[in-house]
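Enquirer: Quick one: sequence and predicted model below, then my questions.
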Amino acid sequence: MTIERLGPIDPIQRYHKTEKTARSAGAQSGDAISLSDEARARSEFLQALEQVRDLPDIRQDRVEEVRRKLEDPSYISEKVVEAVADEILSVFDLG
């Protein structure tokens, strides 16, 4: 009966081999991710929604603009009143 060697007698010798390490270092592959068009569109929508939620409910610049116009006595004229009345009638389909 003969017994053949299966490996080196010193188990530490196998750790000195660099063949395995060199092979795995050369086969590096980076992680990758791909998103569907639907996922991209949803992401853009959610970002826009978040931006809208961050806006104030009252636009102070517009309030100041209207306040300045109302303080001007020449702003409220017959022409302005008629234009506003026509717009209200058209919005409610009354005119």
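Expert: Ah, there it is.
Enquirer: Just the helices from the chain, written as ranges.
Expert: For the chain, helices defined by DSSP state H occupy the ranges 19-26, 37-54, 60-71, 78-91.
Enquirer: Extract the C-alpha trace of the third one and format it as CSV.
Expert: Just to be clear, that refers to helix 60-71. Only the C-alpha atoms of helix 60-71 are listed here, as CSV (Å, rounded to 0.1, in the frame of the first residue of the first chain):
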residue,chain,number,x,y,z
GLN,A,60,-44.8,87.9,0.4
ASP,A,61,-43.4,89.5,-2.8
ARG,A,62,-46.8,89.3,-4.5
VAL,A,63,-48.6,90.6,-1.4
GLU,A,64,-46.4,93.6,-1.3
GLU,A,65,-46.9,94.2,-5.1
VAL,A,66,-50.7,94.2,-4.7
ARG,A,67,-50.5,96.3,-1.6
ARG,A,68,-48.5,99.0,-3.5
LYS,A,69,-51.0,98.9,-6.4
LEU,A,70,-54.0,99.3,-4.1
GLU,A,71,-52.4,102.3,-2.3
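Enquirer: sorry, back to before: would you reformat the helices of the chain as CSV and include mean neighbour count and mean pLDDT?
Expert: Where C-beta positions appear, they are placed from N, C-alpha and C, glycine not excepted. Output for the helices of the chain, formatted as CSV (neighbours: other CB atoms under 10 Å; pLDDT from 0 to 100):
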stretch, mean neighbour count, mean pLDDT
helix 19-26, 9, 54
helix 37-54, 9, 94
helix 60-71, 10, 90
helix 78-91, 10, 91
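Enquirer: Would you mind measuring from Arg68 to Asp93?
Expert: Arg68 is 32 Å from Asp93, where distance means CB to CB, to the nearest Å.
Enquirer: Asp54 now?
Expert: Asp54 sits at a distance of 36 Å from Asp93 (criterion: CB to CB).
Enquirer: go on, Gln47?
Expert: Gln47 is 37 Å from Asp93, by CB to CB.
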